[in-house]
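K.L.:
Kindly return the folded structure for what I paste below:
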Amino acid sequence: ALFPYQKDAPVSTVFDQTFQQSFRVSGMESMEYYAEYLDPYRFPDEPHSQLVRDYLEKKYAERKIDVLIAVTDKALEFLLRYRKELFTDVPIVYFVDRFSIVPQGAKDLTGVINADVCRQTIRTAMDTDPSKKKALVVVGSQGPVKGLETLVKDQLKEFEGSLEITYLTDLPLPEVIRQTSSAPKDSFVLYIRQTTDENGKSLNPVEGLERITPTVSVPIYGVTDSHMGKGIVGGNLYNHQEVGNQVVQLTFRIANGASPQDIPATQAHATPIFDYRELQRWSIPESQLPPGSIVRFKEPSFWTQYKWRLTAIMAITLAEAVLIVFLLHERRRRIRAHNALLQSEENLERSQAVSQVMTTHISLDGHWLRVPPTLCTLLRYSEDQLLRSSCADITNVQDYQITKDKFAQLRDGEIDSFNLEQRIYEKSGKPIWVLVVASLVTDMDHKPLHFLVYLKDITHRKAAEEQIRESEERFVKAFVGNPQP
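P.N.:
Below is the predicted model:
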């Protein structure tokens, strides 16, 4: 493959990478690929071409080349000029802008022709903005590409009379910048290439474009996708990678035995491609673009760019809002319930003070969890002393065993409640009779939490009952011992 530019030029890089990748995936493991570079922009003189010829002749003297690939007009012109000395009768697959450089009747050449992109881009520019009546065409045809202006003029013949075209051909870079920066508002620029700088040194086409676009006063259009993103609005651009694939497919066919004369030359495919940033800069609406246009560098809207993140944030925010409302509602309910509980406990304490009924909470293992002041007064223990003790500590041993069995039946769900009378002891050891009424407290899943126990002091009643019992016993003894019938 012979390239016209130096190895690191954008066109050389894209074509070379496309060729190598295609060879790797083709399954033709035995294919050997070589790439060579003319570099005519930096070395435009004839002696350089002869040195390259001599170099290639010696380098490939012992190699049999099956197919030659000529990238652009200059590469094909070089191969045709030195063909007999270098690669006699070797088929050539080319990619050129001018079909006229292909010898008429040649049977061992075929390829891809890029012969219509200038005309297509001019037509696109006029259709996109009908107010444009003038065009400035930048054609740097010095050095190896003499005659490029003629090629461009041939493509633009149909616009004679409807469009005033000015060719900026082979002008110094400062003059090109001056004219494009002061162009009238009803004009646009078609950039083909600018190959020299202000000092006459060579530039590749992309470098030339980058020097012009910062100061241009009207929209500037191009012909190749290597210019995209460098300041052009767009145009009907040919894609180097697509063209490279077209060239490779023709190369495969010839390498596999097909005759070039049986393979007609094909047209390079051009696609309308535009730079969104430049459309905005020149106020060109997307609705004016040709059908099927591709718009690159389009900045997505904030919603498009962060749609899923925003959706997630809104969902989370909504969920948090619902949760906050729920928590506030629950908080109000808890406050009301707490206030009601405080009021209930206050009422209970007042009723306990009057009725001598004491409400306590006892753990499942028999320890005090809550004791009312009345119980502390009754037993002469402090609240802290009772909470650090268990029921068994102050209850008659025999009575507590019965109570313990009843607690077990409550916990196991065998009974709903129980009541019994038992003896408990105050701090001095004095026994006190109490009535015990107990039930089980569970959670929402019916899991036991603790026992709710009501205690009532019945010491006076038990004392009265004891006195009655003793009185009845004395009466019975007296009655039985009476000698009177």
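
K.L.:
Can you give me the buried ones in the helix or strand where R24 lies?
P.N.:
For R24, the host element (DSSP states H and E) is helix 10-25. The neighbour-count check on helix 10-25 (16 or more other CB atoms under 10 Å) flags 10-12, 14-16, 18-19, 22-23 as buried. Quick note: C-beta positions are derived from backbone N, CA and C, even for glycine.

K.L.:
Show me what the following helix or strand past that helix packs onto, helices and strands only.
P.N.:
Scanning forward in sequence from helix 10-25 by DSSP H and E, the next helix or strand is strand 36-37. Other elements packing on strand 36-37 under the criterion 3 or more CB pairs under 8 Å, 6 or more residues apart in numbering; DSSP states H and E are strand 2-3.

K.L.:
what's the longest helix seen in the chain packed up against?
P.N.:
For the chain, the longest helix by residue count, based on DSSP state H, is helix 307-355. Contacts defined by 3+ CB pairs under 8 Å, 6+ apart place helix 307-355 against strand 357-362, helix 373-379.

K.L.:
Generate JSON lines for the buried residues of helix 10-25, with pLDDT and distance to F159 as supplementary columns.
P.N.:
Below are the buried residues of helix 10-25 laid out as JSON lines (pLDDT from 0 to 100; distance: CB to CB, whole Å):
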{"residue": "P10", "pLDDT": "77", "distance to F159": "29"}
{"residue": "V11", "pLDDT": "80", "distance to F159": "27"}
{"residue": "S12", "pLDDT": "86", "distance to F159": "32"}
{"residue": "V14", "pLDDT": "87", "distance to F159": "30"}
{"residue": "F15", "pLDDT": "89", "distance to F159": "31"}
{"residue": "D16", "pLDDT": "91", "distance to F159": "36"}
{"residue": "T18", "pLDDT": "89", "distance to F159": "33"}
{"residue": "F19", "pLDDT": "89", "distance to F159": "36"}
{"residue": "S22", "pLDDT": "84", "distance to F159": "37"}
{"residue": "F23", "pLDDT": "81", "distance to F159": "41"}
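
K.L.:
Format the residues you listed as TSV; extra columns: distance to L56.
P.N.:
Below are the buried residues of helix 10-25 laid out as TSV (distance: CB to CB, whole Å):
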residue	distance to L56
P10	24
V11	20
S12	17
V14	23
F15	18
D16	17
T18	22
F19	18
S22	23
F23	20
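
K.L.:
quick check, nearest of these to F297?
P.N.:
Using CB to CB, P10 comes nearest to F297 of those, at 17.4 Å.

K.L.:
Does that closest one touch L209 like I think?
P.N.:
No: using CB atoms under 8 Å as the test, P10 is too far from L209 to be in contact (10.8 Å).

K.L.:
gap between the helix or strand of the chain with the lowest mean pLDDT and the chain center?
P.N.:
Within the chain, no helix or strand scores below helix 302-305, which has a mean of 71 by mean pLDDT, DSSP states H and E. Remark: helix 302-305 is offset 11 Å from the chain centroid, using CA atoms, centre = their mean, to the nearest Å.

K.L.:
list the buried ones in that helix?
P.N.:
For helix 302-305, it's none, nothing buried (16+ other CB under 10 Å).

K.L.:
can you list the residues that contact that helix?
P.N.:
L310 (CB atoms under 8 Å, 6 or more residues apart in numbering).

K.L.:
Kindly report the same for stretch 419-434.
P.N.:
Stretch 419-434 is contacted from outside by 378-381, 394-396, 399-400, 402-403, 406, 435-438, 455-459, 461-462, using CB under 8 Å, 6+ apart.

K.L.:
Give me the below-cutoff pLDDT ranges for the stretch 201-350 of the chain.
P.N.:
Counting by pLDDT under 70, the stretch 201-350 of the chain contains low-confidence ranges at 301, 344-350.

K.L.:
hang on, G200 in a helix?
P.N.:
No: G200: not assigned to a helix; according to DSSP: H, G, I helix; E, B strand; the rest coil it is coil.

K.L.:
mind listing what the nearest residue to it once chain neighbours are set aside touches?
P.N.:
In space, and not counting its chain neighbours, G200 is closest to P172: 7.6 Å by CB to CB, 6 or more residues apart in numbering. Residues near P172 by CB under 8 Å, 6+ apart: 196, 198, 200.
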